[in-house]
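Colleague: this one's structure only:
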């Protein structure tokens, strides 16, 4: 009887080699994940410290440039020009409407003196057919004293005869409530022609 013995090679070195290779792959994967996590945390911290960027769009989805708010002087100058436009530019057919629009820039405690001053102008304009146009050439504002000095030209027409003259007005102003008629919230307390 012959016995045949078959020798088998041990699979242990091959299994150990496979285990070491798998272990090395897992180590590399953990190191890469750790590196990626640290990089993402640093990026997140940097992004949260930045101020947000604002993008403004109009109704047609067109980007609109953001501008800084206007200075108080420029707002007062706009209010003064609007007031002068209605207070000193009129004809007999629109004098009442213009003076009422200008009245929205007068404080309630100053309305009686304003109405007394403009009633004579209104009567005279309607009786004699007087019209007036005022062209503002300069406005200087003193915020500390709350005074606006208006300079310009005035053209007055009385029954077809025109007369030109200087327009120099000193307006004392105060801040108040913003309304539809007075969006600037600038109210004139005193008006003095120089």
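Modeller: Cool, got the structure. As the structure is a prediction and not an experimental result, all values here were calculated from the model. Residues are numbered from 1 along each chain as shown.
Colleague: tally of neighbours for residue 59?
Modeller: 5 (other Cβ atoms under 10 Å). For glycine as for every other residue, the C-beta is placed from the backbone atoms N, C-alpha and C.
Colleague: That one belongs to a helix?
Modeller: No: read with DSSP: H, G, I helix; E, B strand; the rest coil, residue 59 is coil and lies in no helix.
Colleague: let's have the chain start at 46 instead
Modeller: Okay, residue one is now 46; in that scheme the one you just asked about reads as residue 104.
Colleague: for it, what are its contacts?
Modeller: Contacts for residue 104 (Cβ atoms under 8 Å, 6 or more residues apart in numbering) come out as none.
Colleague: Can you give me the distance of it to residue 85?
Modeller: 38 Å (Cβ to Cβ, to the nearest Å).
Colleague: again with residue 164
Modeller: When residue 164 is compared with residue 85 (using Cβ to Cβ), they lie 76 Å apart.
Colleague: Give the other helices and strands that the top helix by length along the chain contacts.
Modeller: If you go by DSSP state H, the chain has its longest helix at helix 57-94. Helix 57-94 sits against no helix or strand, with contacts defined as 3 or more Cβ pairs under 8 Å, 6 or more residues apart in numbering; DSSP states H and E.
Colleague: Let me see the mean pLDDT of that helix.
Modeller: What helix 57-94 shows for mean pLDDT is 85.
Colleague: Three-state assignment for residue 147, please.
Modeller: Residue 147 ends up helix, using three-state DSSP.
Colleague: Now do it, the pLDDT please.
Modeller: pLDDT at residue 147 comes out at 90.
Colleague: And the residue nearest the centre of the chain, how close does it get to residue 101?
Modeller: In the chain, the centroid-proximal residue (Cα atoms, centre = their mean) is residue 114; its distance is 4.3 Å. Using Cβ to Cβ, residue 114 is found at 14 Å from residue 101.
Colleague: okay, the residue nearest to the centre of the chain: pLDDT?
Modeller: So, for residue 114, pLDDT stands at 80.
Colleague: In contact with it, which residues are there?
Modeller: Residue 114 neighbours (Cβ under 8 Å, 6+ apart): none.
Colleague: Helix or strand: which one has it?
Modeller: Using DSSP states H and E, residue 114 maps to neither a helix nor a strand.
Colleague: how about residue 169, what does it touch?
Modeller: residue 175.
Colleague: Which residue ranges make up the domains of the chain?
Modeller: The record's domain parsing of the chain by automatic domain parsing lists 56-112, 117-238.
Colleague: Give me whichever of the ones you listed is most buried.
Modeller: Mean neighbour count (mean count of other Cβ atoms under 10 Å) peaks for domain 117-238 among those, with a mean of 15.
Colleague: end-to-end on that domain?
Modeller: 24 Å (Cα to Cα, to the nearest Å).
Colleague: chain center to it: distance?
Modeller: 26 Å (Cα atoms, centre = their mean, to the nearest Å).
Colleague: sorry, back to before: TSV for the domains of the chain, including distance to residue 49?
Modeller: Compiled in TSV, those are given as follows (distance: least, Cβ to Cβ, whole Å):
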stretch	distance to residue 49
domain 56-112	22
domain 117-238	110
